[in-house]
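Trainee: Need a 3D model of the following:
(one chain, ligands or ions: 1)
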Amino acid sequence: MIRIKKQYFLLIICLVFFTGCHNRPVDEPSINTDVEETTLITQENSYISIGEEFHLPILAFHHIANAPAGASANTRQWYISTERFEEILKLLQEQEYTVLFATEAVTLIKEGHLSEKPVIITFDDGAVDFYTNAYPLLKKYNIKATVHLMSGVKSKAWLNETQIKEMNGSGVVEFQSHTQYHEYLTRVDKEDVRRELGNSKKQIEKLTGDPVTVIAYPFGLYNDEVIEVARELGYEAGFTIDRKTNQKIDNLFQLHRVIITEQTNVEKIITIDDKQ
Ligand SMILES: [Zn+2]
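Mentor: Sure, this is the predicted structure:
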C-alpha cells in the first residue's frame, strides 16, 4: 500500500511541476499552465507556431579572414573579412533577428514552434581563424554560432581541443559534426558512412560533454542511405548547401543552407521567403 501511495504522490508532483519535468531549451521561458500555450508563444515570448513549411535562413561560413594573397576566385569564396562579418552581426542585431544554435532550432521545430525572425549561423570545418577572428565578435555582440568540426583532422590550421573547450563554455558557440575526415558521403560505402558519422559524433561529444545531433554533410552531399545511417546513430537533423531558406518540418535531414561570401547580400537572404 505504502509503495502505491508513493507512486501516486510522485505522479502528482510530476503533474504539478510538469514544465520542470520537460527538458526545455535554455532560452525558452517556462510555461505558465494557467494560460493557453499558443497565446504565450505568439505574444509574450516571441515564439511563433510553424506549419509544415517555414522560413529559417541558415547561413554557412568557412573562414573569417582575408583570403591568402594570390588566391583563386574559387578559394576566395570561402573567406569573409572580419569587417564584413561584423557588419553581418550588426545587421542581425539591429534588425532583431534571433540567432539560434542548430540544436536549439531543431528542438523548437520538433515542438512545433520557433523564435520570431530565426536565423542559424554555421561554420564548417573548424578553421583556427574562427577562434582568432569570429569568436571575439560573437562574444562582442552576444550572437550564437554552431561550428561543424572534422573530428579527425588535426593541424595548426584547425581548432585545437583547448580552444574548442574554451569556446564551448562561452555560451555563444556549440560544436556539431562535419564528419571525421570530410569524406564524400555519397561515394563511400555504408560502413564508411557509419564510421564517419559515428566516430565524429562520439569524439565531439567526449570533447564537449554535449550531445551531437546535427550533421553538416561535407560538400553538402547526402543521399537516402546517409540519412538512414545518421538517423540510426542518433542524429536528428542534417544540413545541406543549396541556397534556399525555406525548410520543411518533415525533412530535418535536408535543412537548406546558403553559403555566404564577401559579396552576398545577407539582408536579402534573411528576408526573402522562397515561396514569395
Ligand atoms: Zn567542409
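Trainee: So the residue of the chain found nearest the ion: helix, strand or coil?
Mentor: The minimum distance from the chain to the ion, using CB to the ion, falls at residue 124 (4.0 Å). Backbone N, C-alpha and C define where each C-beta goes, glycine included. Classification of residue 124 by DSSP: H, G, I helix; E, B strand; the rest coil places it in strand.
Trainee: Which residues lie in contact with it in this structure?
Mentor: Residue 124 is in contact with 60-62, 148, 178, 216, 218, counting by CB atoms under 8 Å, 6 or more residues apart in numbering.
Trainee: Look at the nearest residue to residue 199 once chain neighbours are set aside and say how many residues are nearby.
Mentor: In space, residue 199 comes closest to residue 180 once its chain neighbours are excluded; the distance is 4.8 Å by CB to CB, 6 or more residues apart in numbering. Other residues near residue 180 number 22, with proximity taken as other CB atoms under 10 Å.
Trainee: host element of residue 180?
Mentor: Residue 180 belongs to no helix or strand when assigned by DSSP states H and E.
Trainee: so it touches residue 151, yeah?
Mentor: Yes: proximity of residue 180 to residue 151 meets the contact threshold set by CB atoms under 8 Å, at 5.2 Å.
Trainee: and for these two, which residues touch both?
Mentor: Residues touching both residue 180 and residue 151 (CB under 8 Å, 6+ apart): 199-200, 203.
Trainee: which one among those gets closest to residue 274?
Mentor: residue 200 (30.3 Å; CB to CB).
Trainee: Number of residues surrounding that closest one?
Mentor: When neighbours are defined as other CB under 10 Å, residue 200 has 25 of them.
Trainee: pretty sure it is touching residue 175, no?
Mentor: No: contact criterion CB under 8 Å: residue 200 and residue 175 do not qualify, at 10.3 Å.
Trainee: any residues in contact with both of the two?
Mentor: Residues touching both residue 200 and residue 175 (CB under 8 Å, 6+ apart) are 149, 212.
Trainee: Ends of stretch 89-100, what's the gap?
Mentor: End-to-end span of stretch 89-100 (CA to CA, to the nearest Å): 13 Å.
Trainee: ugh, typo on my part, it should be stretch 141-160
Mentor: Separation of the first and last residues of stretch 141-160 by CA to CA is 24 Å.
Trainee: can you tell me which residues contact the residue lying closest to residue 254 once chain neighbours are set aside?
Mentor: Nearest residue to residue 254 in three dimensions, chain neighbours excluded: residue 240, at 5.7 Å (CB to CB, 6+ apart). By CB under 8 Å, 6+ apart, the contact list for residue 240 reads 217, 220, 222, 254-257.
Trainee: what's across from the residue of the chain closest to the ion in the sheet?
Mentor: Beta-bridge pairing for residue 124 (DSSP bridges): residue 148.
Trainee: Mind pulling the model confidence for it?
Mentor: As predicted, residue 124 sits at a pLDDT of 98.
Trainee: Next up, phi/psi of the residue nearest to residue 254, please.
Mentor: Per-residue torsions, residue 240: phi -100, psi -170 (degrees, to the nearest 10).
Trainee: Residues of the chain that sit close to the ion?
Mentor: Applying CB under 5 Å from the ion, we find that the chain lies next to the ion at 124-125, 218.
Trainee: quick one: contacts for the closest residue to residue 133 other than its chain neighbours?
Mentor: Distances taken as CB to CB, 6+ apart place residue 64 nearest to residue 133, at 4.3 Å, with adjacent residues excluded. Counting by CB under 8 Å, 6+ apart, residue 64 touches 79-82, 85, 129-130, 133-134, 137.
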